[in-house]
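Chemist: Pasting a predicted model and its sequence here:
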Amino acid sequence: MSTPAIFAAVTGFDPLTGGEFLVAQNIAFAIMAITMLVSAVRMVTTGNVVHAALYLVIVLAGAAGIFILLGAEFVGVTQVLVYIGAIVVLFLFGIMLTKGSFGADDGVGGERRGIAAMVGALVLAVMAAALLDTFRDAELSRAEPSLTADVADLIFSRYIVPFEAISVLLLAALIGAIVVARGD
Amino acid sequence: MIAALTTPYVAWWALVPLITFAVAGFLLLTVASLVRRLPAVLAPAWTAVAGLGVLLYLVPMWSRVGRDGADSFLAGTVGVDRSSIFVTGILAVAVIAAALISRDYLPREDLPGVELYVLLLMSAAGGVVMASANDLIVLFLGLEILSIAVYVLAALHLRRIESQEAALKYFLLGAFSSAFLLYGIALVYGATGSTNMVRISAFLAQNVLVDDAMLLAGLGLLLVGLGFKVAVVPFHAWTPDVYQGAPTPVVAWMAAGVKAAGFAALMRVFVLTLGTYVSDWRPAFQVIAAATVLAGAVVAVVQTDVKRMLAYSSIVHAGFILVGLQAATDRGNSSVLAYLAVYAFLTVGSFAVVTVVSGTGDASHGLDAYRGMGRRHPALAGVFTVLLLGQAGIPFTGGFVVKLGVLAAAVDGGAYWLAGVAMLAAAVAAFVYLRLLVAMYLEEVPSGTETSGAVPLGALVVAVASAVIVLVVGLVPGPLLDLARDAVPVLVAG
Amino acid sequence: MSDYLRNWLTLVVFGGVAVLLVGAFLGLGSLVRPSRQTSQKAVVYESGVDPQGDMWSQSNIRYYVFALMFVLFDVEAVFIFPWATRLEVYDVFGLVEMAIFIFILALGLFYAWRKGLLRWI
């Protein structure tokens, strides 16, 4: 008996199929969205760069969770592997390599905060208007989730040339990183 | 359950240019890793031969597409039509030219040799992907391959702080523009349900979207993303700094190759894919085109650094190409392609001359370096004169023919005001080239300027060949215009 | 969809249990242990030596090139997973394509090695 089945047996309520459509999904989404939102705000307001990077981890993890919730498990796992596993680590390396102190906020960019907030609000408004206008009250598709195997089928049929092109892209990035990093 | 998977159909013959560029890059990288001291001439020769091979292969490819019609494969993600062959040809020419200029440049600047050529070949492969993409994701991938290589190329002059600055600026703005482009693709996907260009255009032809805010937002973001790459106002701010700082052979590739691939992408995305929305995007294109030609020309006049001057002049050219593109007709498309071809020659030739004049250190780009060039280097000055007159669009040069083409396309579409603005800007921009000519022929050599020695062969070949081609196109424009007319961009469903 | 989410719910439950267990043990400890705070106890632990300066300090990471390369190979690894789920189906075709994919990036590793970047400095 799997864990959710035990859960359903104990509570008498199957969170995934029972009752209103996807109650559990909505609740999970709300938890993740609020966590992401709080972390995102903290990320841009905290004075410590290292803390900002760690808040970013929470935001990215929340995004991964939402991907999984939407049935895109491959994207979700990729998000964890690449972003949390590699990119944030690179961020921390970058912070270590810079000369500035990262203990406290020394007011960098403080005078532009107002403009930045305005731009952010504008982008949010435009995006929200566009998305709401198009989707209105459309329901989330109840279709089957796209599993990693489905992604594989697409990669190895329709997107086989782009797939090989990705390795060219990565190779170019690798050579570029070496050339710039070595500096000789 | 294990279902048998059939190997997808791939039209390998259409992928040869892409594979040639990529494999040439891999082989060069491998050889360079194995052999410590390569003969200095090997890498540029190899790169030029790869470009030449692609150029030669395009001839049978061209006639095959003419015979069998355009094709697409892999469920319509990659296509081949005559416009993509045409743009691939421009890219191949730009690769050859950049390789030849670099052959002299790298030893002079005492820079390590092979990476430039490897990255050049890879970015050319990315450009080919862009020119033949039938899917927005594939287009984005091509753009990224192209751009990442060029970011690094811009930083290649490791001892010049300006080069590092240029690379950083280009990288930051380029990364932003890529993000815009990707967001635009996502929104277009959300509105139409596909990233495939054929399916998007079919969807938009069959359905009238009541709520098209998302599609329009996506359209705008696509325009911003691609506008950065081709450097049109107001997304042009990086151009002068990057052109000034980046190594000159790299600038030749940026101006000729990257711009050609960028405009090919703009054409595929807007004219072909979003053609049904032309009444929505045309006004934006027209305003941007007018702003680009005017701002570029006016600011170019006050520049004192020749590389910056040429950067602003490239912005003017981008505006002109947009004037042809906004027509969204067959005539407009062919005028754009013809313009891109002639512009590629003009710009690689000009930057070849600039490379020679700049001297060791890639530093002397002021007008002083050009004063009295008519006496010191009569041949080089003569070639540069032809190229500058071509850029100005003086009759009997290729520049005139193609400028006429885009203006005619605009007038055809009824955009008289835009054609008027463009002509005005051309007149202003002519002043810039005139000023250089005056400096070369009428002004005295400043005292203390050493009379520099022999002109290196690679750059000379590029400059002379470009000047000759520009003149030939100006006198006998028929063949090029016929080629451009036949290079119809089409989307074929897979 | 619900089967799929059920599988992931297992993960969530396990994660929740892990957090709860840690919380419970730490909470229990803080209830039971005596608490006598002195300023000495708040000092950064420096293996018995008196600490100097702030506890936030940059260290020169010489092996950052490895981090750069790690990101790229991480992205490559991501594409190996979907292939692995359908290994039998793609058979030789998939094997060849994946071999090309890995080989191209391996060229970059080879280049890095010959450039002397993989030496420990």
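Modeler: Happy to help now that I have it.

Chemist: give me the residue from chain A nearest chain B.
Modeler: Across chain A, the shortest distance to chain B (CB to the nearest CB) belongs to A:Gly176, at 3.4 Å. C-beta coordinates here come from the backbone N, C-alpha and C atoms, glycine included.

Chemist: sorry, that was for chain C
Modeler: Residue nearest to chain B within chain C (CB to the nearest CB): C:Arg114, separated by 4.0 Å.

Chemist: residue contacts, the closest residue to that residue other than its chain neighbours?
Modeler: Excluding the flanking residues, the one nearest C:Arg114 by CB to CB, 6 or more residues apart in numbering or on different chains is B:Ser33, at 4.0 Å. Contacts of B:Ser33 were listed using CB atoms under 8 Å, 6 or more residues apart in numbering or on different chains, and they are C:107, C:110-111, C:113-115.

Chemist: at 7 Å instead, please
Modeler: By CB atoms under 7 Å, 6 or more residues apart in numbering or on different chains, the residues touching B:Ser33 are C:110-111, C:114.

Chemist: cool, B:Ala124 as well?
Modeler: Residues near B:Ala124 by CB under 7 Å, 6+ apart: B:21, B:91, B:95, B:257.

Chemist: If we use 6 Å, what do you get?
Modeler: Listed by CB atoms under 6 Å, 6 or more residues apart in numbering or on different chains, the contact set of B:Ala124 reads B:21, B:91, B:95.

Chemist: for chain B, what spans make up the strands?
Modeler: B:71-73, B:78-80 (DSSP state E).

Chemist: Need the residues that contact the last one.
Modeler: It refers to strand B:78-80. By CB under 6 Å, 6+ apart, the residues outside strand B:78-80 that reach it are A:161, B:14, B:71-72, B:132, B:134, B:492.

Chemist: how about stretch B:211-224: buried residues?
Modeler: B:212-224 (16 or more other CB atoms under 10 Å in any protein chain shown).

Chemist: er, stretch A:39-57 actually
Modeler: By 16+ other CB under 10 Å, the buried positions in stretch A:39-57 come out as A:39, A:42-43, A:46, A:49, A:52-57.

Chemist: returning to what we had before: just flag the most distant two among the contacts of strand B:78-80.
Modeler: Farthest-apart pair in those is A:Val161 and B:Val492; separation 15.7 Å (CB to CB).

Chemist: higher neighbour count, the two?
Modeler: More neighbours surround A:Val161 than the other of A:Val161 and B:Val492, with 22 against 15 (other CB atoms under 10 Å in any protein chain shown).

Chemist: residue contacts, that one?
Modeler: Residues near A:Val161 by CB under 6 Å, 6+ apart: B:74, B:78.

Chemist: the longest helix in chain B is where?
Modeler: Scanning chain B for the helix with the most residues, using DSSP state H, yields helix B:161-192.

Chemist: can you list the domain ranges for the chain.
Modeler: By default, I'm working from chain A. Chain A breaks down by automatic domain parsing into domains covering A:3-103, A:147-184.

Chemist: meant chain C actually
Modeler: C:1-34, C:61-121.

Chemist: Of the ones you listed, flag the one that's most buried.
Modeler: Of all the domains of chain C, domain C:61-121 has the most neighbours on average by mean count of other CB atoms under 10 Å in any protein chain shown, namely a mean of 16.

Chemist: quick one: the helices in the chain?
Modeler: Because you didn't say which chain, this covers chain A. So, for chain A - with DSSP H - the helices run A:3-11, A:23-45, A:49-69, A:73-78, A:88-97, A:113-135, A:148-155, A:160-182.

Chemist: not what I meant, chain C
Modeler: C:2-32, C:64-85, C:87-114.

Chemist: just to revisit the earlier point, isn't the residue of chain A closest to chain B right up against B:Ala154?
Modeler: No. Between A:Gly176 and B:Ala154 there is no contact under CB atoms under 6 Å: 10.3 Å.

Chemist: Quick check: the residue lying closest to B:Ala295 once chain neighbours are set aside vs chain C, distance?
Modeler: Closest residue to B:Ala295 apart from its sequence neighbours, by CB to CB, 6+ apart: B:Val233 at 4.7 Å. Counting by CB to the nearest CB, to the nearest Å, the gap from B:Val233 to chain C is 35 Å.

Chemist: which residues touch B:Val233?
Modeler: B:Val233 sits next to B:291-292, B:295 when contact means CB under 6 Å, 6+ apart.

Chemist: Tell me which of those residues fall in helices.
Modeler: Secondary structure from DSSP H places B:291-292, B:295 of the contacts of B:Val233 in helices.

Chemist: On the pLDDT front, check the residue of chain C most remote from its centre for me.
Modeler: Farthest-out residue of chain C from its mean C-alpha position, per CA atoms, centre = their mean: C:Arg36, at 36.5 Å. pLDDT, the model's per-residue confidence, is 84 for C:Arg36.

Chemist: cool, B:Leu457 as well?
Modeler: Model confidence at B:Leu457, given as pLDDT, is 87.

Chemist: out of everything not next to it in sequence, what's closest to it?
Modeler: Among residues not flanking B:Leu457 along the chain, B:Asp104 sits closest, at 7.2 Å (CB to CB, 6+ apart).

Chemist: and if you look at B:Val354?
Modeler: Here the residue nearest B:Val354, using CB to CB, 6+ apart, is B:Thr248, at 5.5 Å.

Chemist: So that neighbour versus chain C, what's the distance?
Modeler: Relative to chain C, B:Thr248 is positioned 26 Å away (CB to the nearest CB).

Chemist: Quickly note the distance from that residue to chain A.
Modeler: B:Thr248 is 18 Å from chain A, by CB to the nearest CB.

Chemist: from what I can see that residue touches B:Ala352, true?
Modeler: No. Contact criterion CB under 6 Å: B:Thr248 and B:Ala352 do not qualify, at 8.4 Å.

Chemist: Those two - which one has more neighbours?
Modeler: Higher neighbour count among B:Thr248 and B:Ala352: B:Ala352, with 35 against 27, using other CB under 10 Å.

Chemist: Poorly predicted segments of chain C, please.
Modeler: Filtered on pLDDT under 70, chain C yields the residue ranges C:1, C:54-61, C:121.

Chemist: Tell me, how many residues neighbour B:Arg375?
Modeler: 13.

Chemist: The closest residue to it other than its chain neighbours: how many residues sit nearby?
Modeler: The spatially closest residue to B:Arg375, leaving aside those adjacent along the chain, is B:Val445, at 7.0 Å (CB to CB, 6+ apart). Neighbour count of B:Val445, defined by other CB under 10 Å: 14.

Chemist: how near is B:Val445 to B:Ala369?
Modeler: 10 Å (CB to CB, to the nearest Å).

Chemist: Distance check, B:His365 against chain C.
Modeler: Going from B:His365 to chain C by CB to the nearest CB gives 32 Å.

Chemist: so how far is chain A from that residue?
Modeler: Taking CB to the nearest CB, one finds B:His365 at 24 Å from chain A.

Chemist: I'd say that residue and B:Asp305 touch.
Modeler: Yes. Counting by CB under 6 Å, B:His365 touches B:Asp305, with 5.0 Å between them.

Chemist: The two: which has the busier surroundings?
Modeler: Shown here are B:His365 and B:Asp305; by other CB under 10 Å, B:His365 has more neighbours (22 against 15).

Chemist: returning to that earlier point: I'd like the helices of chain A written out as JSON lines, with mean pLDDT added.
Modeler: Below are the helices of chain A laid out as JSON lines (pLDDT from 0 to 100):
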{"stretch": "helix A:3-11", "mean pLDDT": "51"}
{"stretch": "helix A:23-45", "mean pLDDT": "89"}
{"stretch": "helix A:49-69", "mean pLDDT": "91"}
{"stretch": "helix A:73-78", "mean pLDDT": "91"}
{"stretch": "helix A:88-97", "mean pLDDT": "84"}
{"stretch": "helix A:113-135", "mean pLDDT": "86"}
{"stretch": "helix A:148-155", "mean pLDDT": "87"}
{"stretch": "helix A:160-182", "mean pLDDT": "89"}
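
Chemist: Residues of chain A that sit close to chain B?
Modeler: Contact residues, chain A versus chain B (CB under 6 Å from any CB of the partner chain): A:130, A:133-134, A:157-158, A:160-162, A:165, A:168-169, A:172-173, A:176, A:179-180, A:183.
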